[in-house]
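Asker: One predicted model, sequence on top.
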Amino acid sequence: MKSFQQNEVFSIRKSKVGVCSVLLAVLFIGTQSVLANEVVGETSSSKDNMQMNSLLSSTSTSLSAEPHSDTLSLDNNSSLSTDNNGGVSINQNKPDITNDTMIGNISGMEVNTILSTNLNEHVALNVKDYGAIGDGVNDDRQAIQDTIDAAAKGLGGGNVYFPEGTYLVKEIVFLKSHTHLELNEKATILNGINIKNHPSIVFMTGLFTDDGAQVEWGPTEDISYSGGTIDMNGALNEEGTKTKNLPLINSSGAFAIGNSNNVTIKNVTFKDSYQGHAIQIAGSKNVLVDNSRFLGQALPKTMKDGQIISKESIQIEPLTRKGFPYALNDDGKKSENVTIQNSYFGKSDKSGELVTAIGTHYQTLSTQNPSNIKILNNHFDNMMYAGVRFTGFTDVLIKGNRFDKKVKGESVHYRESGAALVNAYSYKNTKDLLDLNKQVVIAENIFNIADPKTKAIRVAKDSAEYLGKVSDITVTKNVINNNSKETEQPNIELLRVSDNLVVSENSIFGGKEGIVIEDSKGKITVLNNQFYNLSGKYISFIKSNANEKEPVIRDSDGNFNIVTENGLYKIVTNNLSDKNEKEKNKEEKQSNSNNVIDSNQKNGEFNSSKDNRQMNDKIDNKQDNKTEEVNYKIVGDGRETENHINKSKEIVDVKQKLPKTGSNKIMELFLTVTGIGLLLTLKGLKYYGKDK
């Protein structure tokens, strides 16, 4: 009897354990759901707070003393497009936010108190209240400077507003930390600085004295400038030798930004620079240039080519006296986190095309590489020399841009020596060890080329004698439309790259040569590029030393015509299906075979009879195992031989597993716990039955 009672108690306990296990599983699932809801709730609350702050900020701007709701701005709902004249238009779809809507979204606070506090912190100071005339005749420089100084004295800085008008400035305006300049879309700053041996630059973030003496610039931060036009007044005289209105100057520009942090320039039109840079960025970080237009650059006809090619419209550089001659700072501090996006670069009604839109030139041994440079979604319309040209940059992304290059007859400025729309080059650094370009990605850009002297992409160390290395270069998913029938230039040229070169998934239509890799070494990968209607070689390896790591060419569509010199190459190709007008509706399966060629033939040329044709369609990857023999002709040094190479393909069945999501993991845990609980329950009942 005692044993029966003990077994009964034991079985009941097991039953309880099983039931408890089930309850624990249910409780665990419920807890997961509650926690998930709490996280979502916190996120939503955070987003609501961010939206409220943004709403109050925009409301305070609209309620400021001088109404300027017509100021050009671009929010997340706006889109950028190019008009027929090359300009940028903005389509804005802003939500209609009324006071009632805003009040309905605020709970537990007094709306009037919030708005009053916000307005006191961000009321814009009107330059006309400080004496500016805005007629384009009277000098408004002092009034503008007084307004900026007053805004900077406020707690946390302040805003400065320019109503419609033309504001002539005959001396440099100095920007201050925590100041934000906003211009009516019909407001223009007109450069009138016409002083010999004196910078003719409208805005600077540091001091330049009236007598031209230099001072060391202290740090500045939190500066923004938006809207309107800056006319740099650089249009040439009738003789084409000097500026018409500013004959004493050597160059003109809009901004000199040095030793600064958090600078934003948005929605601005820059017109008619003379020789120099519209924006110069030196030793500064977190700089954004967004949704702006850069129109026209005046070049005197007496300038030589060597002088012209260093005239970038936006220059990004370290802080040195050589590169940034307005200050005494010479520590070589790099510029970093600089983004140029959504902007248009082209000619104006008074001046020709820009020489180079964005870039830099020589720096010395003591400098640091500018880093994290992003050039995104811009339109470079017929640049004279390059859309982007740079040396000594690290971590560069050039993505989603459009580059157009016209013929000489359609250009105001034209360079007889040719152009490279993206030119990652190296300076003549035979003495100073300048660290060259590295970690560069050129991706998803569109190139439209009509000029026979223009390359689309060039990455190079320009001489073997130069110091430093070019490495970690990726050129991928670009589309090059080369309509020039007389071109002698390759579409993509890669010269003296030291290591980690990847050229993949580019589509090249027309021109002479597709991809030329010369005098490069280390790991080189070329794969999945497509070529159409080229008159010359599609891929060329020239004098490249690959003794350390073998270059690989894989899956390149088109006429697989490769030139090699002085190297060991591993070439992996896929047989590809022909496609022409008569065969578009045919469905053919062909062998997806891998061909491997190892060769160190000098001056060797590899031509596959099967692959030496234009390819448009990729083949079906699900095919039977096949082995076949293909003849390759290797031509070199006047001799001709045949290599018989067995090629085979193994079908690998790859089954992709669905990733384990949070729901899957919870269900697995639930089933496991439930199973254990049921097992213990059944065993308990079994023992209970035996005892009876």
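Answerer: That came through fine.
Asker: got the phi/psi numbers for G218?
Answerer: phi -80, psi 170 (degrees, to the nearest 10).
Asker: same thing with K128?
Answerer: Backbone geometry at K128, expressed as degrees, to the nearest 10, gives phi -70, psi -20.
Asker: Quick one: low-confidence residue ranges for the stretch 451-600 of the chain.
Answerer: 545-600 (pLDDT under 70).
Asker: Show me the helices in it, by range?
Answerer: Assigned helices in the stretch 451-600 of the chain: none (criterion: DSSP state H, counting those that start in this stretch).
Asker: what residues are up against A151?
Answerer: Neighbouring residues of A151 by Cβ atoms under 8 Å, 6 or more residues apart in numbering: L125, G157, G158, N159, V160, K176, T179, H180. All C-beta atoms are positioned from the backbone trio N, CA, C, and that covers glycine.
Asker: which residue sits closest to it, ignoring its sequence neighbours?
Answerer: G158 (3.4 Å; Cβ to Cβ, 6 or more residues apart in numbering).
Asker: that older thread, of the contacts of A151, closest to P199?
Answerer: Among the contacts of A151, K176 lies closest to P199 (Cβ to Cβ), at 18.5 Å.
Asker: can you pull the pLDDT of the closest one?
Answerer: In this model, K176 is scored at 97, pLDDT.
Asker: and it, what helix or strand is that in?
Answerer: Using DSSP states H and E, K176 sits within no helix or strand.
Asker: After the strand or helix carrying V160, heading C-terminal, what element do we hit next?
Answerer: Per DSSP H and E: V160 is located in strand 158-162. As assigned by DSSP H and E, the chain's next helix or strand after strand 158-162 is strand 165-169.
Asker: Next SSE downstream of that next one?
Answerer: On the C-terminal side of strand 165-169, the nearest following helix or strand under DSSP H and E is strand 173-174.
Asker: Mind listing residues that contact that next one?
Answerer: Residues outside strand 173-174 that contact it (Cβ under 8 Å, 6+ apart) are R141, I144, Q145, I148, V202, F203, M204, T205, G206, L207.
Asker: List the ones among the residues you listed that fall in strands.
Answerer: Of the contacts of strand 173-174, the ones assigned to strands by DSSP state E are V202, F203, M204.
Asker: Tell me how far the second one lies from G165.
Answerer: As judged by Cβ to Cβ, to the nearest Å, F203 and G165 stand 17 Å apart.
Asker: do G418 as well
Answerer: Relative to G165, and taking Cβ to Cβ, G418 is found at 44 Å.
Asker: out of those two, which sits in the busier spot?
Answerer: Counted by other Cβ atoms under 10 Å, G418 and G165 do not tie: G165 has more neighbours, with 21 against 14.
Asker: For the more buried one, name its beta-bridge partners.
Answerer: Counting by DSSP bridges, G165 is bridged to A187.
Asker: In contact with it, which residues?
Answerer: Here G165 is in contact with K128, A132, I133, G134, D135, G136, N184, K186, A187, T188 (Cβ under 8 Å, 6+ apart).
Asker: Which among those count as buried?
Answerer: Among the contacts of G165, those that count as buried by neighbour count (16 or more other Cβ atoms under 10 Å) are K128, A132, I133, G134, N184, K186, A187, T188.
Asker: hmm, back to that, would you mind reformatting the contacts of A151 (as TSV) and adding columns for distance to S351 and neighbour count while you're at it?
Answerer: What follows is the contacts of A151, written out as TSV (distance: Cβ to Cβ, whole Å; neighbours: other Cβ atoms under 10 Å):
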residue	distance to S351	neighbour count
L125	33	22
G157	35	18
G158	35	21
N159	32	21
V160	29	24
K176	31	20
T179	30	24
H180	30	19
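Asker: Kindly reformat those residues as TSV containing distance to I373.
Answerer: Listed next are the contacts of A151 as TSV, based on distance: Cβ to Cβ, whole Å:
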residue	distance to I373
L125	34
G157	27
G158	31
N159	29
V160	29
K176	26
T179	26
H180	24
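Asker: between these, which is closest to A235?
Answerer: The closest of the contacts of A151 to A235 turns out to be V160 (Cβ to Cβ; 27.8 Å).
Asker: The closest one contacts L181, correct?
Answerer: Yes. Assessed by Cβ atoms under 8 Å, V160 is found in contact with L181 at 4.8 Å.
Asker: which neighbours do these two share?
Answerer: Shared contacts of V160 and L181 (Cβ under 8 Å, 6+ apart): I148.
Asker: about what we covered before: out of the contacts of strand 173-174, which are buried?
Answerer: By neighbour count, with 16+ other Cβ under 10 Å, the contacts of strand 173-174 hold R141, I144, Q145, I148, V202, F203, M204, T205, G206 as buried.
Asker: I am finished for the moment; much appreciated.
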